[in-house]
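K.L.:
With the input below, show me the fold.
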Amino acid sequence: MRHRNKTVKLQRDAAHRRSLLANLTCSLIEHGKIRTTLAKAKALRPVAEKMVTLGKRGDLHARRQAVAFLRQKDVVKTLFEEIAPAAADRQGGYCRITKLGARQSDSAPMAIIEWVDTPAAAAVSSEEAADA
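P.N.:
I've put the predicted structure just below:
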């Protein structure tokens, strides 16, 4: 029985799955939104939100934990300096998944995963509020 076993395996062994999720998280932090399959987006969301929670903590131990998982110091710097402060007032739910439909080649369900509070979107909305 699979009681309380939430891990989505994505047809990969543990090391490959961990690397995949780390790379997807790095891409999401770098680009702000990524287009991937729905299953990968759903598996990525809890991992990305845990990284934002580490960024909101902001201490040295949290930064080292993020570097240990993501393995890219420049991405961790972006996470701690841009993304986490943009989500500072939010209690959770930092990511949004939007379904796109089936992929042409193999009919895999596709989705876009993006940050709810992006620094660029926050700057645009504050400029619009200042103009009004």
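K.L.:
Only C-alpha atoms from now on, for both contacts and neighbour counts.
P.N.:
Will do.
K.L.:
Can I get stretch 53-64 as CSV, trimmed to CA atoms?
P.N.:
The C-alpha trace of stretch 53-64 is given here as CSV (Å, rounded to 0.1, in the frame of the first residue of the first chain):
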residue,chain,number,x,y,z
THR,A,53,11.1,29.3,2.0
LEU,A,54,14.9,28.8,2.5
GLY,A,55,15.4,32.1,0.7
LYS,A,56,12.9,33.9,3.0
ARG,A,57,14.8,32.5,6.1
GLY,A,58,17.9,34.1,4.6
ASP,A,59,20.5,32.8,7.1
LEU,A,60,23.8,31.2,6.3
HIS,A,61,22.5,27.6,7.0
ALA,A,62,19.5,28.1,4.6
ARG,A,63,21.9,29.5,1.9
ARG,A,64,24.2,26.4,2.3
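K.L.:
quick one, longest helix in the protein?
P.N.:
Of all the segments of type helix in the chain, defined by DSSP state H, the longest one is helix 38-57.
K.L.:
so what secondary structure elements neighbour the very next helix or strand once past it?
P.N.:
Following helix 38-57 in sequence order, the next helix or strand is helix 60-70 (DSSP states H and E). Here helix 60-70 touches helix 14-31, helix 38-57, helix 73-78, going by 3 or more CA pairs under 8 Å, 6 or more residues apart in numbering; DSSP states H and E.
K.L.:
gap between helix 60-70 and the chain center?
P.N.:
Centre-to-centre, helix 60-70 and its host chain are 15 Å apart (CA atoms, centre = their mean, to the nearest Å).
K.L.:
before we move on, what about stretch 72-92?
P.N.:
Stretch 72-92 sits 10 Å away from the centroid of its parent chain (CA atoms, centre = their mean).
K.L.:
Report the mean per-residue pLDDT for it.
P.N.:
Stretch 72-92 shows a mean pLDDT of 96.
K.L.:
Report the buried residues of that stretch.
P.N.:
Judged by neighbour count (16 or more other CA atoms under 10 Å), stretch 72-92 contains these buried residues: 75, 76, 79, 80, 82, 83, 84, 85, 86, 87.
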